[in-house]
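J.: Could you look at this predicted model? Sequence included:
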Amino acid sequence: PPVASLKSVAPFPVGAAVSINLLKTRPAYRQLMATEYNSITAENAMKFGALHPSATTYNWVDADYLVDFAQQNNMRVHGHTLLWYNSLPGWVTSFQGDSAAWENLMKTHIQTVVTHFRGKVQAWDVVNEAIDDNGNLRTTNVWRQHLGDQYIDRAFQYAHAADPAALLFYNDYGHEYSTARRTGILALVNGLKSRGVPIHGIGLQMHTSSNITDARIAEAITTAAATGLQVHVAELDISMNPSRSASATFTPALAAAQKVKYKALAQTFKALPAAQRYGITTWNVADADTWKRNDCSCPEWPLPFDDNYQRKPAYDGLVEGL
Ligand code: XIL
């Protein structure tokens with residue numbers, strides 16, 4: 001018989017990123033979130049530009065809606081994200097000020113947001129995507145440009161001061177396909193740990209695809225765990241059209257191959273020490289709403305639910321691996 005839900009079979013939290021608009025307007029979507037998952041993330045509603053649209057205003061409406069939904073359904077809220085080079089409002093990218101003014105801007109944003117959600121958001125992606133493809137710190141990043149390499153240390157310290165109980169994560173992508181990226185990310189995280197910076201977890205975005213082997217994905221997960229931190233497979237989706245063909249279709253063979261990949265990933269994650277299994281979060285719920293379709297302007301089916309919010313073989317693979 002079919003399982004009741006992902007959360008009923010997983011020995012660790014399983015979550016998804018959501019669109020607030022879909023949560024409000026699409027009953028099937030809302031129903032899946034409430035019944036299948038016990039962790040939730042805002043796909044966009046907690047990013048800098050969404051929460052802090054002008055220098056003097058914060059907009060909590062959508063993010064508070066998500067938090068209320070989570071509380072009604074006994075879900076953990078994973079906050080995404082306090083500091084990123086992307087999704088910044090114009091007032092930040094054009095901000096004129098010396099390093100003290102930039103420091104104040106960063107500190108105020110982090111502490112206002114973390115304080116607003118204290119006791120309601122259990123964990124934060126404090127810094128997102130600070131590493132470049134060469135494994136060094138990204139140069140096209142206003143925070144680093146104005147505040148220097150140590151902005152990351154201070155971002156974690158500010159977040160920790162605002163909510164000492166929150167779990168703090170560094171989140172980035174490419175662990176599974178780029179040794180340079182992975183090495184740079186792990187060096188950054190190990191540096192934070194060695195300096196006593198309050199960091200509790202590492203997020204692997206895992207926007208991955210059919211042309212990345214299961215062995216590479218396993219290596220990404222196990223090397224992240226070797227840091228000793230909690231591990232979050234954070235933005236999981238598995239592209240089955242890596243060549244971005246405009247005429248691709250989702251054949252039964254592709255669905256079966258995707259099932260195998262979801263299962264292998266779940267098995268690898270389940271094999272981690274229990275205390276390090278923070279959880280698995282997919283990036284949205286169903287193929288109908290995946291960001292990948294915009295990102296590649298091509299057909300994509302990367303998620304466990306299909307265009308009609310029905311379980312796919314990928315879902316069964318996840319369940320078999322859990
Ligand atoms: C993406 C969202 O899915 C899109 O809706 C939005 O237009 C852009 O951002 N890495 C991240 C996420 O950390 O925040 C990104 O989310 C996807 C890549």
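T.: Yep, that arrived.
J.: in which helix or strand would I find residue 188?
T.: helix 179-194 (DSSP states H and E).
J.: Other residues contacting that helix?
T.: Residues outside helix 179-194 that contact it (Cβ atoms under 8 Å, 6 or more residues apart in numbering): 130-137, 152-153, 156, 170, 172-176, 199, 202, 220, 223-224, 227-229. (C-beta placed from N, C-alpha, C; glycine too.)
J.: Please convert the buried members of these into ChimeraX selection syntax.
T.: Applying 16 or more other Cβ atoms under 10 Å to those, the buried members can be selected in ChimeraX as follows:
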select :130,131,132,135,137,152,153,156,170,172,173,174,175,176,199,202,220,223,224,227,229
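J.: What about the contacts of helix 179-194, which are in helices?
T.: When those are checked against helices using DSSP state H, the ones located there are 152, 153, 156, 220, 223, 224.
J.: thought the third one was touching residue 198?
T.: Spelled out, it's residue 156. Yes. Using Cβ atoms under 8 Å, residue 156 makes contact with residue 198 at a distance of 5.5 Å.
J.: Need the residues touching each of these two.
T.: residue 168.
J.: Now for residue 54, how many residues are close by?
T.: Residues within reach of residue 54, counting by other Cβ atoms under 10 Å, total 11.
J.: residue contacts, it?
T.: Applying Cβ under 8 Å, 6+ apart, the residues contacting residue 54 are 89, 91.
J.: Over to residue 178?
T.: Contacts of residue 178 by Cβ under 8 Å, 6+ apart are residue 133.
J.: go again using 10 Å as the cut-off
T.: By Cβ atoms under 10 Å, 6 or more residues apart in numbering, the contact set of residue 178 is 131, 133, 134, 135, 184, 185, 216, 220.
J.: pLDDT score for it?
T.: For residue 178, the model assigns a pLDDT of 98.
J.: and which of the contacts of residue 178 is nearest residue 259?
T.: Closest approach to residue 259 among these (Cβ to Cβ): residue 216, at 18.3 Å.
J.: For residue 16, see how far away the closest one is.
T.: Distance, residue 216 to residue 16, by Cβ to Cβ, to the nearest Å: 24 Å.
J.: Please identify which of those two sits among more neighbours.
T.: Comparing residue 216 with residue 16 by neighbour count (other Cβ under 10 Å), the higher total belongs to residue 16, at 26 against 17.
J.: In terms of helix, strand or coil, where does that one fall?
T.: Recorded secondary structure, residue 16: strand (DSSP: H, G, I helix; E, B strand; the rest coil).
J.: hey, what's it bridged with?
T.: When bridges are called by DSSP bridges, residue 16 pairs up with residue 40, residue 282.
J.: Now for the contacts of residue 178: which two are most distant?
T.: 134 and 216 (19.1 Å).
J.: returning to what we had before: quick one: the helix holding residue 188 near the ligand?
T.: No. Residues of helix 179-194 contacting the ligand under Cβ under 6 Å from any ligand atom: none, with a closest distance of 13.3 Å.
J.: still on that earlier bit, could I get the contacts of residue 178 as TSV with pLDDT?
T.: Converted to TSV, the contacts of residue 178 look like this (pLDDT from 0 to 100):
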residue	pLDDT
131	98
133	98
134	98
135	98
184	98
185	98
216	98
220	98
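J.: Residue 107: which of these is nearest?
T.: residue 131 (22.5 Å).
J.: Specify the beta-bridge partners of the closest one.
T.: Beta-bridge partners of residue 131, as defined by DSSP bridges: residue 137.
J.: so what's it up against?
T.: Per Cβ under 10 Å, 6+ apart, neighbours of residue 131: 137-138, 141, 170, 172-174, 178, 180-189.
J.: Show me what residue of this protein gets nearest to the ligand.
T.: residue 291 (3.4 Å; Cβ to the nearest ligand atom).
J.: So residue 89 is in contact with residue 105, correct?
T.: No. Between residue 89 and residue 105 there is no contact under Cβ atoms under 10 Å: 11.4 Å.
J.: Give me the more crowded residue out of the two.
T.: A side-by-side neighbour count of residue 89 and residue 105, using other Cβ under 10 Å, places residue 105 first with 20 against 17.
J.: Excluding residues flanking it in the chain, which one is nearest the more buried one?
T.: residue 95 (6.4 Å; Cβ to Cβ, 6 or more residues apart in numbering).
J.: count of neighbours near that neighbour?
T.: Residue 95: 15 neighbours (other Cβ under 10 Å).
J.: Which pLDDT does the model give it?
T.: pLDDT, residue 95: 98.
J.: That one reaches residue 103, doesn't it?
T.: No. Contact criterion Cβ under 10 Å: residue 95 and residue 103 do not qualify, at 11.9 Å.
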